Structure formats: structure tokens, C-alpha cells
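> A predicted structure for the sequence below; I have some questions about it.
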Amino acid sequence: MRESLLLFTIGPVKHFIEPSRKLKDLYAGSFLLSHLARVAAKHLKDLGAEIIIPSPNQASSPNRIVAKVGSDCDQSKLVNSTEQTVHECFMKICKKVIERENTFTEEVEDQLTGFLEINWVYEPIESDFKTSYQALMKHMHSVKNTRMFVQSFESAGRKCDLYEQYNALFTSKKAPKEELQQAKLKKGENLSAIAYVKRFLDTYFAEQDHYNLDVSSVAYMLLRSYFPPEVDLTDVKDEGSEALFDLKNGEDITNHPDYSTKTIKRATELYKSYGEYIGSPYYAIVKLDGDGVGQKYKAVDRSEIAQSLSDEISRFAIDAKQLIEKNKGLCIFAGGEDILAFLPLQTLFPTLKELVNRFADIEGLDYKGTLSAGIIIAHYTAPLKPLLQQVERLESHAKQIDRDKAAFSMEIMRRGGLSTPLRMKFGQKAENLNIFENTLVAIQQQEHSNSFIQNVVAMIEPIQYTASREMVSALIRKILKNSVEKEKVEEQLNVFNELYEALSFHTEKFIRFLQQLAFLAKETFIEKEGKGQI
């Protein structure tokens, strides 16, 4: 028997991650999937397989493993043993999490036993690595296109709030609000076994350094980005963070039904001391993916080259995670070139610029690596699941811009509903993000930024299909003369002209971008003289 390539995958990825009410649910699902992938890779390596992809040094381990197995390997025994090890690890974690406060019943076990989806394929190594790798990918695609149906025998009953296919086995009922807060459940919340495990996963991994216990809620992430680092926010992670934003909005939280007495007291104290630091309640979800990386792997001739490329991309992922956290965001997943992150608006564009430029420096991609990104900006109270679905669509929309991709598609979900997606190339060294930032600053420098944009739109929109670029520029100059000091008119005009040119002088797109940027200019948090201001 010849040497073979093995592709081993663990899923379902979307069901691990997407059904999430809280940010910590999302992070827990991603972390658990990554942990199981590490367990699988270690087991394969211990049994003599050579791991090609992914690199062992990953910020988050991808859910698929490519390995080379020797000619003397019992292939069936290897994959069956690995599958059993992964399943046993999953069940052990779930059981320990649930048995902290509850009984591991037969219904719980039934829900969890059928949750994992593990697929694998072998491909004999024929003349070269490239041919075998391409065949391996093709065969796995065929396997995953064969949808396996598993009959559910659950009785009729209330369904889980996050996983509609499962019955709710854990409910908050009508417990006192102090008890609910301690249990991390909202009043009336109903969770299935896997949803419960995700919510309480931190209790299992609490002693491990690589589990981020600071992941709590979007509101908490935003407050940490706004407040001075010396302010202790540990005791306001969940409801307390939302209480602070309620106070910022002028609401009376004295008798709020969802906040405990302790939370109300602490939030009120913090607001009196640091309320002026609280910035925008809007944030960004960013989904990044490397362009053509899969094709690059398919084109390499030797497994050593694939390993080297995987190592380089792994180092990028580690750097990306560190950068995102340094810029006061949260990295949910960084597995190779695939990244999902939450960022405050004030660090969104600087973070994107650095990620794009760092990816372009990967030697194994001939120093020409590009990323495409989906970006959705939303209020912290917006439900997560539709946002995650939309940001994935936006990433796909960005990749469709042209053959070379290397673009971003951005959408803003205001409280009143979604805006129109805005799509744009990143440009050489992410230069178009610089143009974006410059335009934001120019809008913020207007004495009345909203009315300035409204005036620009009112002047240009009626003639958008007939106006020449010279006419558009002349109209903006006219409005600027009434908005900024005389010596700044030409400087700011150049900024708006740069954006117009970056959009290929497409007037309709230019108008939409200006409207979106006006919103971002209003919501972007700026640090001045040690205090946060909007």
C-alpha cells in the first residue's frame, strides 16, 4: 500500500458558532470547535500521521486537518480511533459543564451524541502531491454534498431559543433576578444541551490560559475600549455594561426588571465617575478571508511547501489575533487566513489596514496575498445570529467585485434597518482605507456634519446621472465655502475628490458612501485630552 493523504474534518461549523444570543456563546462555540480540532490533530500525530495543514502553532485551529499517513498504516483503525477520541472529548466536556449545576439526563445525552459531524477521506499519493491533494479536496466536496439525515425522536415540547431543532432542557423559569444573573440566563430563556454547554463553557476552561475569560458581551467590549485601563469593570461584565449604556441614554434603571440591586448600584457609581467616557453603542463585526489561498495549496508540488505556507499563514493568524486585541477588539476565530472579529468603530479602519498589509507580506503567497472582508456595523443590542449571517454574505459580496477580489463590502444596520451595502477595493497597501479615514476626519471637521452631507446630497443627487466630475467637484467646493474656514476649502475638497476618484467617479456610489460616512463620523469615538468624546 502506498502513502496516502488524509483529510479529516469536524463540524457542523455553522451550528457550533452561529446560533448565539450572547458574544460569549459565539466565542465558546468557536473555541470548542477549535479545541476538538487540536485534539484530533494531536491524536493523529501520536499515531504516526504527519500533519501538513494546519500548522501546530495556530491562534485558532481550523476544523479541517490534512495529514500524510504511511504505507504501513491501518487507515480504517486510524480514522475510527481519531473519531472516537474527538467524540469522547466532546462528551466529557459537555458532561462536566452540565453536571456542575444539573443532572446529565438521557435527553441531554441524546441531544449531544448526535451533534458532531465528522467526515474523512483518503487519497493515495500517486505521481505527485499536487495531483493527490486536488483529488482529496474533490472527494471531500462529494462527501459533504451527500446530506445525511438523522431522525429525531424527541417528543413535542418547547424548543431551544438558539437551536430550533432541539427541545429546551434548561429554562430560567421565574427565578429571582440576582439568581438569574449569577446563572447567566435571562428570564424566560430556554436552552438545549449544546446551547447550555456553550453558555457555561468558561467553567470548564477557566484554569487554562488560552481561554479568554474577558469575552462577555458587546457592551462590555465597548466599555473596555472607552474607559481608562485602570478602571475595574470585572463586576459589570454582562447586564452591568448594558446598564451603563442605559444610563448614558438618560434612562432610569432604579427598578429595572433585568438588573440586580448590586448591578444597579455599581453601574450608577461607575457612571457618576466615568459616564463622560462612554462612546457610541455601535460596533463592527469583521469577517476576513484570504483570496485564492485554497487554489495556492492546490498548486504546490510538494507537501513540504504546503507545510511552509501553512506555517506562514499561522504566524499571520497569531499576529492578527494579537493586533485585534491590542486595538481593543475581540478575536472570535483566527484560523489561518479566516478571521472573525468584533471591533469598536474607532479602531476598525486602522486594524483592517494593518491586517491587509501584513497578509500581503507572506512570502509563500509571493508577497501578493490579498484579503476580502465583510463588515457589518450594528447597535450592541441587535441580535447576533442575523448579523453573522449577513456578514458572511457581505464577505461573499466583496469577493464578487472582480476577478482579483481584494475588496470589502460594508453595511450599517441602524436601529431603523439595514443600509445599502457599500463595496470597494482595498487598493494598493490599503490606500482606499486611508481615503476613507481622511473623509471621516473631513466630515467631522464640519461645524454641522449632518447638514453638510445633506446639502451635498441635495445638490448632487438630482443630477447624479448627468453630472461631470468637474461639476460634482465645483458643487462640493461651493458647499465647503460655507462650512469650513477659507484656507481649508481646497484641502478638504481634495479629500472628497480622492474618494470620488477611488469610486471610479461613480456618482451614485459616491453619494451612498458619503451618507454612510456621515453616520460613522457621528458615531466614531475620538480620544481628546484624555477623555472620550464623540
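That came through fine.
> the residue nearest to residue 237 when sequence neighbours are not counted sits in which helix or strand?
Ranked by CB to CB, 6 or more residues apart in numbering and with sequence neighbours excluded, the top spatial neighbour of residue 237 is residue 216, at 3.9 Å. All C-beta spots, glycine's among them, are computed from the backbone N, C-alpha and C. Residue 216 is part of no helix or strand, with elements assigned from DSSP states H and E.
> mind listing what residue 216 touches?
Contact analysis of residue 216 by CB atoms under 8 Å, 6 or more residues apart in numbering lists 22-24, 237-238, 241.
> among the residues you listed, show me the least confident.
Lowest pLDDT among those: residue 238, with 74.
> that one and residue 217 touch, don't they?
Yes - using CB atoms under 8 Å, residue 238 is in contact with residue 217, at 5.5 Å.
> overlap of the contact sets of these two?
Here residue 238 and residue 217 have residue 22 as joint contacts, going by CB under 8 Å, 6+ apart.
> out of the contacts of residue 216, who's the most crowded?
Neighbour counts for these peak at residue 24, which has 26 neighbours (criterion: other CB atoms under 10 Å).
> contacts only, for it.
For residue 24, the contact set (CB under 8 Å, 6+ apart) comprises 184, 199, 202, 215-217.
> list the buried residues of stretch 82-92.
82-83, 85-87, 89-91 (16 or more other CB atoms under 10 Å).
> hang on, I meant stretch 345-363
Residues of stretch 345-363 classed as buried: 345-349, 351-356, 358-360, 362 (neighbour count, 16+ other CB under 10 Å).
> give me the subset of these lying in helices.
Mapping the buried residues of stretch 345-363 onto helices (DSSP state H) picks out 345-349, 351-356, 358-359.
> the closest residue to residue 300 other than its chain neighbours in helix, strand or coil?
Once flanking residues are discounted, residue 300 sits nearest to residue 306: 5.0 Å by CB to CB, 6+ apart. Taken by DSSP: H, G, I helix; E, B strand; the rest coil, the conformation at residue 306 corresponds to helix.
> counting neighbours, what do you get for residue 306?
Neighbours of residue 306 under the rule other CB under 10 Å: 23.
> that one reaches residue 129, doesn't it?
Yes - with contact defined as CB under 8 Å, residue 306 counts as touching residue 129 (7.2 Å).
> name the nearest residue to residue 496, ignoring sequence neighbours.
The nearest residue in space to residue 496 (CB to CB, 6+ apart) is residue 476, at 5.2 Å.
> now do residue 33
residue 16 is the one closest to residue 33 (CB to CB, 6+ apart), at 4.4 Å.
> also residue 189?
Sequence neighbours aside, residue 172 is the residue nearest to residue 189 in space, at 4.8 Å (criterion: CB to CB, 6+ apart).
> over to residue 370?
Distance criterion CB to CB, 6+ apart; nearest residue to residue 370, sequence neighbours excluded, is residue 406 at 3.7 Å.
> could I get stretch 508-524 in CSV with only the CA atoms?
Below are the C-alpha coordinates for stretch 508-524, written out as CSV (Å, rounded to 0.1, in the frame of the first residue of the first chain):
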residue,chain,number,x,y,z
GLU,A,508,-24.5,57.3,-7.1
LYS,A,509,-21.9,55.2,-5.1
PHE,A,510,-20.2,58.4,-4.0
ILE,A,511,-23.5,59.7,-2.6
ARG,A,512,-24.2,56.5,-0.7
PHE,A,513,-20.6,56.4,0.7
LEU,A,514,-20.9,60.0,1.9
GLN,A,515,-24.2,59.1,3.7
GLN,A,516,-22.6,56.1,5.4
LEU,A,517,-19.5,58.0,6.3
ALA,A,518,-21.6,60.8,7.8
PHE,A,519,-23.1,58.2,10.2
LEU,A,520,-19.7,56.8,11.0
ALA,A,521,-18.3,60.3,11.6
LYS,A,522,-21.1,60.9,14.1
GLU,A,523,-20.6,57.6,15.9
THR,A,524,-16.8,57.3,15.8
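> now do the SS call for the residue most central in space within the chain.
What sits nearest the mean C-alpha location of the chain, by CA atoms, centre = their mean, is residue 340, with 2.7 Å. Assigned state for residue 340: strand (three-state reduction, three-state DSSP).
> returning to what we had before: okay, the ones in helices among the buried residues of stretch 345-363 in CSV with pLDDT and distance to residue 517 next?
Putting these into CSV (pLDDT from 0 to 100; distance: CB to CB, whole Å) gives the following:
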residue, pLDDT, distance to residue 517
345, 95, 12
346, 93, 15
347, 95, 17
348, 96, 12
349, 95, 11
351, 97, 18
352, 97, 15
353, 97, 16
354, 97, 21
355, 97, 21
356, 97, 19
358, 96, 25
359, 97, 25
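> nearest to residue 70 among the residues you listed?
Proximity of these to residue 70 (CB to CB) peaks at residue 359, which lies at 34.5 Å.
> assess the claim that the closest one and residue 336 are in contact.
No - the criterion here is CB under 8 Å, and residue 359 misses it with residue 336 at 10.7 Å.
> which neighbours do those two have in common?
Here residue 359 and residue 336 have 290, 316 as joint contacts, going by CB under 8 Å, 6+ apart.
> quick one: residue 263 from residue 281, how far?
18 Å (CB to CB, to the nearest Å).
> check residue 112 too.
Using CB to CB, residue 112 is found at 36 Å from residue 281.
> tell me the contacts of residue 281?
Applying CB under 8 Å, 6+ apart, we find residue 281 in contact with 219, 222, 245, 248, 379-381.
> neighbours around residue 137, how many?
17.
> for it, which non-adjacent residue is closest in space?
With CB to CB, 6+ apart as the criterion, residue 137 has its nearest non-adjacent residue at 6.8 Å, and that residue is residue 298.
> one more: residue 490?
In space, residue 490 is closest to residue 477, 8.0 Å off (CB to CB, 6+ apart).
> which SS state does residue 251 fall under?
coil.
> can you map out the strands along the stretch 101-250 of the chain?
117-124, 170-171, 190-191 (DSSP state E, counting those that start in this stretch).
> if we can go back for a sec, among the contacts of residue 216, which ones are in helices?
Secondary structure defined by DSSP H assigns 23-24, 241 of the contacts of residue 216 to helices.
> including distance to residue 442, could the residues you listed go into TSV?
Below are these laid out as TSV (distance: CB to CB, whole Å):
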residue	distance to residue 442
23	33
24	38
241	33
